[in-house]
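>>> Got a predicted structure plus its sequence, pasted below:
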Amino acid sequence: MKKVIATGAGGPAGINFIMSLRIAPEKISIIGTEANEYFKYLSPADKTYLVPKAGEDGYIDALNEIIRKEKAEFLHAQTDAEVAVVSENREKIEANVFLPSKEAVKICQDKLESAKIWMSKGVPVAKTLEIRSEEDVDRAFEELGSPIWIRARHGAGGRGSTPAYNRGTAISWIRYWQARGMKWGFIAQEHLPGRNLAFHSLWKEGELVTSMARERLEYIYPHLAPSGVTGTPAVQKTIHDEEVNRIATEAILAIDPNFNGIACVDLKENKDGVPCVTEINAARMFTTSYFFSYASKVLRGDCYANIPYLYVKLAYKESIPEIPRYNILPENIYWIRHIDAPAKLVRSGEILGEMYHWCGQ
């Protein structure tokens with residue numbers, strides 16, 4: 001039996017990853033790690049250990065102690081912070097990992113550097129400027145128009161992001177975070193008013209294994225963020241869009257032509273309807289990876305869109321079935337979820353199943 005360690009096991013993305021492995025066609029032993037002493041109890045892993053936060057002293061040693069104790073063969077890091085530390089210390093990890101190159105991970109976690117690469121290679125991307133002074137804010141409005149999109153240069157979940165319609169708002173927003181002691185760098189980007197899109201993909205040595213795109217329609221508690229975007233969708237649906245598939249693929253290969261593992265691409269349409277890349281979440285799953293995994297089991301009766309499971313099989317150097325590179329699921333399948341409510345899989349107004357259907361099996 002495979003023994004897999006999943007970090008961030010009590011967070012939404014970690015839970016979705018583990019639940020995807022739970023409905024795989026083989027039994028997998030899953031050992032979770034969690035840095036939050038309370039979220040540890042939310043983990044659906046077989047066993048979950050409390051560990052230091054990524055970057056703190058003893059983090060890698062703690063992982064290796066668990067690997068040895070549990071005799072685990074593979075480790076998957078889920079949060080951006082853990083991906084960064086595990087990637088940089090991959091040679092010290094006493095289990096296999098399946099990651100993009102160190103350089104690819106660093107570039108993808110830097111929204112400014114990745115945008116520069118895409119702009120230089122002709123990949124559609126929001127025009128991007130670094131903000132280091134009030135003069136840079138003025139230049140952003142001159143070059144990008146109004147509103148501009150202010151966001152932190154690093155970090156997930158829409159960190160530090162808001163639309164700014166004037167100089168005062170942009171400067172005050174950045175000062176607010178600085179006053180709270182946040183040492184974030186900031187960037188300004190062209191405002192993209194169109195559809196909010198996502199492309200979840202699996203790669204092996206620069207070859208796309210499979211992928212699926214979706215559109216985010218509504219967010220959890222949108223009124224709590226100035227932008228209305230809170231980082232995780234309440235309503236989303238599968239889409240078939242050749243432009244999204246093509247542009248996301250080009251964006252990944254522009255970062256690394258030999259990309260390995262997971263690449264989750266965020267895109268948003270500009271005023272002309274062109275999907276523009278905003279970032280790539282490298283080496284980790286989107287928050288709602290169980291959406292595709294469960295839809296694959298319900299609609300197809302297989303694991304073809306269970307990207308976490310396929311990823312683990314590739315990490316173990318096992319073969320996988322011949323599957324489409326794009327559009328692995330039908331379009332217009334909805335995943336509807338909210339806090340304390342089991343997510344529902346919906347097609348044509350009919351509920352096909354819910355998130356916790358696997359419990360007890």
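Cool, got the structure.

>>> so where's the longest strand in the protein?
strand 207-219 (DSSP state E).

>>> That one packs against which elements?
With contacts defined as 3 or more CB pairs under 8 Å, 6 or more residues apart in numbering; DSSP states H and E, the packing partners of strand 207-219 are strand 196-204, strand 233-239, helix 242-255, helix 307-315. In short, each C-beta sits where N, CA and C put it, glycine included.

>>> who does that strand pair up with?
strand 196-204 (antiparallel), strand 233-239 (antiparallel) (DSSP bridges).

>>> Report the inter-axis angle for the first one versus helix 242-255.
When axes from the mean of the first three to the mean of the last three CA atoms, to 10 degrees is applied, the directions of strand 196-204 and helix 242-255 differ by 50 degrees.

>>> Strand 196-204 vs helix 307-315, what angle?
Orientation check (the same axes, to 10 degrees): strand 196-204 against helix 307-315 gives 20 degrees.

>>> measure residue 138 to residue 148 for me?
11 Å (CB to CB, to the nearest Å).

>>> Next: residue 10.
36 Å.

>>> These two: which has the busier surroundings?
More crowded of residue 10 and residue 148, by other CB atoms under 10 Å: residue 148, with 28 against 23.

>>> got the contact list for the more buried one?
The neighbours of residue 148, taking CB atoms under 8 Å, 6 or more residues apart in numbering as the test, are 140-141, 163-164, 170, 188-191.

>>> what's the domain layout of the chain?
Domain segmentation of the chain under automatic domain parsing yields 2-97, 127-190, 196-358.

>>> From residue 354, how far off is the residue lying closest to residue 182 once chain neighbours are set aside?
Residue nearest to residue 182 in three dimensions, not counting chain neighbours: residue 160, with 7.4 Å by CB to CB, 6 or more residues apart in numbering. With distances taken as CB to CB, residue 160 is found 34 Å from residue 354.

>>> So between these two, which is more surrounded?
Between residue 160 and residue 354, residue 160 has the larger neighbour count (other CB under 10 Å), namely 20 against 16.

>>> if I look at that one, how far off is residue 150?
The value you get for residue 160 to residue 150, if CB to CB is used, is 7 Å.

>>> what does residue 79 give?
Look at residue 79 and residue 150: by CB to CB, they are 23 Å apart.

>>> ok, these two, which is more surrounded?
Using other CB under 10 Å, the more surrounded residue of residue 79 and residue 150 is residue 150, with 25 against 20.

>>> Enumerate the strands of the stretch 101-250 of the chain by residue range, in sequence order.
Counting by DSSP state E, counting those that start in this stretch, the stretch 101-250 of the chain has strands at residues 128-131, 148-152, 162-164, 186-190, 196-204, 207-219, 233-239.

>>> Can you list the strands that the second one pairs with?
Strand 148-152 has the following sheet partners, assigned by DSSP bridges: strand 162-164 (antiparallel), strand 186-190 (antiparallel).

>>> Nearest to residue 132 among those would be which one?
Residue 132 lies closest, by CB to CB, to one member of these: strand 186-190, at 8.3 Å.

>>> export stretch 294-306 as PDB, just CAs?
Output in PDB follows, covering the C-alpha atoms of stretch 294-306 (Å, rounded to 0.1, in the frame of the first residue of the first chain):
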ATOM      1  CA  TYR A 294     -15.700  13.400  -7.600                       C
ATOM      2  CA  ALA A 295     -17.300  14.500 -10.900                       C
ATOM      3  CA  SER A 296     -15.100  12.000 -12.600                       C
ATOM      4  CA  LYS A 297     -16.300   9.200 -10.400                       C
ATOM      5  CA  VAL A 298     -20.000  10.200 -10.700                       C
ATOM      6  CA  LEU A 299     -20.100  11.100 -14.400                       C
ATOM      7  CA  ARG A 300     -17.500   8.800 -15.900                       C
ATOM      8  CA  GLY A 301     -17.200   6.000 -13.300                       C
ATOM      9  CA  ASP A 302     -13.400   6.400 -13.500                       C
ATOM     10  CA  CYS A 303     -10.400   8.300 -12.000                       C
ATOM     11  CA  TYR A 304      -9.500  10.100 -15.200                       C
ATOM     12  CA  ALA A 305     -10.100  13.600 -13.800                       C
ATOM     13  CA  ASN A 306      -8.900  12.700 -10.300                       C
END
